[in-house]
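Participant: the sequence and its predicted three-dimensional model are supplied below.
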Amino acid sequence: MALPPWLLGWLKETARPGLNQFLARYSLVGDPVVFDSNLFAWTKALEENWESIRAEAQTLVEMRDALQGFHEVSPYQSRISKGDSWKTVWLYGFGYRSDVVCELCPVTARLVADIPELQSAFFSMLSPGTHIPAHSGVYKGLINCHLALLVPRERERCRIRVSDQVLTWQPGKTFVFDDTNEHEVWNDTEEERVVLLVQIHRPFRSPGRELSRLFLRALKHTAYLRVPLRNVKHFDREFRNFVTKRGLLPARVR
């Protein structure tokens, strides 16, 4: 069910800002641009196991040509994702679990499955010389976390700006931020940058919790989420054939 353009415009320009202001008042973790990772106990398990997660991510990086660009998952991201510069591999997302990716990455799959209120989890890969233009997330009901896995040696040249804060990735470390703030990413190095991106439901007290879930349920009935879900499922079928032919899946799950 695609929303008509006039309704999409109203949601973006009028309803969404009011919704986000309302949700910010009921957030149980405040409304900072960047959060203290210690507010989210599960980040510790990611950091403690980051080398195992990195090894699984490296296996996928070696198959980069077979992976989807972010805009191939979600055509609505074509303004900020083009060509082969930004690849994504989804374990969880859009209400769907990718069995083939979870089979290839069992440690990562187990760790993210244990995260309370998980919405999505995927590997995000940026090629050398990539710039992701300034953009903002949809609504404050979700919070993003990056676990840095492969970080260029020239760290200061690989960075993300979230509102007025500029951050760099540190291998094995997480940072958590509110992506409804304008953010922009640069990889001005000659090396790949890879993170595990985890998205969770923001904790709210009532009635913020109920309104947030209602909004997300409504969004799932629109093309904005239904098209990416369809594309991820299609990729999974093709990707399973790809890795099976190359003998990359454990024998018991082929």
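Facilitator: Everything's here; your move. This structure is a prediction, so every number in the text was calculated from the model and none was measured.
Participant: how many residues are close by Ile53?
Facilitator: Look at Ile53: counted by other C-beta atoms under 10 Å, it has 22 neighbours. No exception for glycine: its C-beta is placed from N, CA and C like everyone else's.
Participant: buried set for the helix or strand where it lies?
Facilitator: Here Ile53, judged by DSSP states H and E, is contained in helix 50-61. By 16 or more other C-beta atoms under 10 Å, the buried positions in helix 50-61 come out as Trp50, Ile53, Arg54, Glu56, Ala57, Leu60, Val61.
Participant: same check, this time on stretch 148-164
Facilitator: Going by 16+ other C-beta under 10 Å, stretch 148-164 has these buried residues: Ala148, Leu149, Leu150, Val151, Pro152, Cys158, Arg159, Ile160, Val162.
Participant: compute the first-to-last residue distance for it.
Facilitator: Distance across stretch 148-164, first residue to last, is 21 Å (C-alpha to C-alpha, to the nearest Å).
Participant: quick check: mean pLDDT of that stretch?
Facilitator: The average pLDDT for stretch 148-164 rounds to 97.
Participant: do the same with stretch 133-141
Facilitator: Taken as a whole, stretch 133-141 has an average pLDDT of 91.
Participant: for it, how far is the first residue from the last?
Facilitator: One end of stretch 133-141 sits 23 Å from the other (C-alpha to C-alpha).
Participant: how far is it from where the chain is centred?
Facilitator: 12 Å (C-alpha atoms, centre = their mean, to the nearest Å).
Participant: list the buried ones in it?
Facilitator: So for stretch 133-141, counting by 16+ other C-beta under 10 Å, buried means Gly137, Val138, Tyr139, Lys140, Gly141.
Participant: longest single helix anywhere in this structure?
Facilitator: The helix spanning the most residues in the chain, taking DSSP state H as the definition, is helix 223-245.
Participant: just the CA trace of that one, in PDB.
Facilitator: The C-alpha atoms that make up helix 223-245 are tabulated as PDB, following Å, rounded to 0.1, in the frame of the first residue of the first chain:
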ATOM      1  CA  ALA A 223       5.800   0.700   0.300                       C
ATOM      2  CA  TYR A 224       8.500   2.400   2.300                       C
ATOM      3  CA  LEU A 225       9.100  -0.800   4.200                       C
ATOM      4  CA  ARG A 226       7.300  -3.400   2.000                       C
ATOM      5  CA  VAL A 227       9.500  -2.800  -1.000                       C
ATOM      6  CA  PRO A 228      12.800  -3.300   1.000                       C
ATOM      7  CA  LEU A 229      11.400  -6.400   2.600                       C
ATOM      8  CA  ARG A 230      10.600  -7.900  -0.900                       C
ATOM      9  CA  ASN A 231      14.100  -7.000  -2.100                       C
ATOM     10  CA  VAL A 232      15.800  -8.500   0.900                       C
ATOM     11  CA  LYS A 233      13.900 -11.800   0.400                       C
ATOM     12  CA  HIS A 234      14.800 -11.800  -3.300                       C
ATOM     13  CA  PHE A 235      18.400 -11.300  -2.400                       C
ATOM     14  CA  ASP A 236      18.400 -14.100   0.100                       C
ATOM     15  CA  ARG A 237      17.200 -16.600  -2.500                       C
ATOM     16  CA  GLU A 238      19.900 -15.500  -5.000                       C
ATOM     17  CA  PHE A 239      22.600 -15.300  -2.300                       C
ATOM     18  CA  ARG A 240      21.800 -18.800  -1.000                       C
ATOM     19  CA  ASN A 241      22.400 -20.200  -4.500                       C
ATOM     20  CA  PHE A 242      25.600 -18.200  -4.700                       C
ATOM     21  CA  VAL A 243      27.200 -19.400  -1.500                       C
ATOM     22  CA  THR A 244      25.900 -23.000  -1.900                       C
ATOM     23  CA  LYS A 245      27.500 -23.400  -5.300                       C
END
